[in-house]
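>>> what's the 3D shape of this:
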Amino acid sequence: AHHNQIAILSETDLSGMSILAKLDLSYNNITQISSRALSNCANLYELNLANNPFAQLPSLKNQSNLYQLSLAHCQIEALPDDICITCPRLGILSYNTIGSVTYDAFQGLVNLKYLYLDHNVIRELPPGIFEDLVSLHRVDLNNNKIQSLPDNLFQKTNIITDIRLNNNEIRIISSAAFSS
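Reported below is the predicted structural model:
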């Protein structure tokens, strides 16, 4: 159902979709998503909501089978507390208006492998923000407004192979930012 004019995703729109595995609602005009819109989609494996003008995400905490979540080019300003603990490819959050990320934003995301937060307006990253991301291979923070890299930023991310920080406003890199 991508490239349509869907504006609202209500609680009942997907109520009969318990075996749905892949849902692509990208390039619509979704401005509102009910907090329980996806609650009946227990087998959802891949969810693409990219290129929609909504600002608030629905709850994803019951999506234990979700493998990939794409939220690029939306108007997301903040990440919810229960974003999706089991999703290894959560990270397509590029081209939003995310201005800050809390210390516990990625808490419990031990399966996350790829995190794309590029092209947002993030100014600060709290120390240890990535410490639960023990499976993280790549993080893209290009084109934000990050000014410093604090101590223990990449603590416990021993297998990370690709860190992208181009086009930020970095002035200070702590000597312990990359220590694990």
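>>> For the closest residue in space to Ser174 that isn't next to it in sequence, give me its contacts.
Closest residue in space to Ser174, ignoring its immediate chain neighbours: Asp151 at 4.7 Å, by C-beta to C-beta, 6 or more residues apart in numbering. Where C-beta positions appear, they are placed from N, C-alpha and C, glycine not excepted. Neighbouring residues of Asp151 by C-beta atoms under 8 Å, 6 or more residues apart in numbering: Pro127, Ser174, Ala176, Ala177, Ser179.
>>> And for Phe106?
Here Phe106 is in contact with Ile83, Leu112, Leu115, Ile129, Phe130, Asp132, Leu133 (C-beta under 8 Å, 6+ apart).
>>> Next, give me the two most distant ones among the residues you listed.
The largest separation in these, counting by C-beta to C-beta, is between Ile83 and Phe130 at 14.2 Å.
>>> Just name the closest of the contacts of Asp151 to Cys41, please.
Of all those, Cys41 sits closest to Pro127, with 36.2 Å by C-beta to C-beta.
>>> Would you agree the closest one is in contact with Asn152?
Yes. At 4.8 Å, Pro127 and Asn152 qualify as touching, with contact defined as C-beta atoms under 8 Å.
>>> Quick check: what element follows the worst-scoring helix or strand of the chain on mean pLDDT along the chain?
Counting by mean pLDDT, DSSP states H and E, the chain has its least confident helix or strand at strand 89-92, which shows a mean of 67. Using DSSP states H and E, the helix or strand that follows strand 89-92 towards the C-terminus is strand 114-116.
>>> Give me the sheet partners of that next one and which way each runs.
Partner strands for strand 114-116, per DSSP bridges, with pairing direction: strand 89-92 (parallel), strand 138-140 (parallel).
>>> quick one: the strands in this structure?
Remark: strands assigned in the chain by DSSP state E are 8-9, 22-24, 32-33, 46-48, 68-70, 89-92, 114-116, 138-140, 148-149, 162-164, 172-173.
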